[in-house]
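Engineer: model the structure of this input:
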Amino acid sequence: MPGYRKLSRPSDQRRAILRNQVTALLWNGRIETTEARAKEVRAIAEKLITIAMKDHASTTTSTRQKNNDKGQRTTITTRVDSPEKLHARRQIMAYLYDVKEKRKDDESKSDYKERTAKIKHPVVEKVFNEIAPKYDKLREENKAAGGYTRILKLGPRRGDAAEMVILELV
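Structural biologist: Numbers count the residues shown, from 1 in each chain. This is a model prediction of the structure:
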């Protein structure tokens, strides 16, 4: 007996559904789905958040000399991910789908391109810059790990009576 739910799908479809729902959960903060899918998504999302929490603050500073346009020597200081954070980032990128950041209503095309030019993987950036620090702070306050998601039951779905739930980040 496997340690996961088959969700009445072949393995490639099941993996794609779960990846899609985990990505949507981390990007939007909440999703509405069936109870069985929510329990699988919860387990995966909590593992990814835990990976990000371990290394979200691991950065090093790097300085280097560079000649500018006038031939003058300048020193550039940059923040670089540590090898541990880079490994965690790549693990999370391997699982999540890339989602493009949406353009704001009052934003022009050029402003949108300028704002999103440096962000290659918005979902991964959100996990490392917003979600992981938030839960790391909560973990320090409460002295408890895990429990980053909540399942709220909605009742049966009309048509097939599948139990529907809202899965959200706490």
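Engineer: identify the single longest helix in the protein, thanks.
Structural biologist: helix 35-55 (DSSP state H).
Engineer: for the residue nearest the centre of the chain, what are its contacts?
Structural biologist: Nearest to the geometric centre of the chain sits Val127, at 3.9 Å (C-alpha atoms, centre = their mean). Counting by C-beta atoms under 8 Å, 6 or more residues apart in numbering, Val127 touches Leu26, Leu48, Ile49, Ala52, Ile92, Leu96. All C-beta atoms are positioned from the backbone trio N, CA, C, and that covers glycine.
Engineer: name the nearest residue to Lys54, ignoring sequence neighbours.
Structural biologist: Leaving aside its chain neighbours, Lys54 sits nearest to Ala88 (6.5 Å; criterion: C-beta to C-beta, 6 or more residues apart in numbering).
Engineer: ok, the one you found - how many residues close by?
Structural biologist: 25 (other C-beta atoms under 10 Å).
Engineer: now Arg115
Structural biologist: Other residues close to Arg115 by other C-beta under 10 Å number 13.
Engineer: if you average the pLDDT over the strand or helix carrying it, what comes out?
Structural biologist: Per DSSP states H and E: Arg115 is located in helix 109-116. Average pLDDT, helix 109-116: 89.
Engineer: does Arg103 count as helix, strand or coil?
Structural biologist: Here Arg103 is coil, with the state taken from DSSP: H, G, I helix; E, B strand; the rest coil.
Engineer: excluding its backbone neighbours, what's nearest it?
Structural biologist: Sequence neighbours aside, Tyr112 is the residue nearest to Arg103 in space, at 4.5 Å (criterion: C-beta to C-beta, 6+ apart).
Engineer: does that neighbour really touch Lys104, like I thought?
Structural biologist: Yes - assessed by C-beta atoms under 8 Å, Tyr112 is found in contact with Lys104 at 7.5 Å.
Engineer: looking at these two, which is more packed in?
Structural biologist: Legend: neighbour count by other C-beta under 10 Å for Tyr112 and Lys104, higher for Tyr112 (14 against 10).
Engineer: thinking again about what came up before, so how far is the helix holding Arg115 off the chain centroid?
Structural biologist: In terms of C-alpha atoms, centre = their mean, to the nearest Å, the centre of helix 109-116 is found 22 Å from the chain centre.
Engineer: which other residues reach that helix?
Structural biologist: Contact with helix 109-116 is made by Lys100, Glu101, Arg103, Lys104, Glu107, Pro122, as judged by C-beta under 8 Å, 6+ apart.
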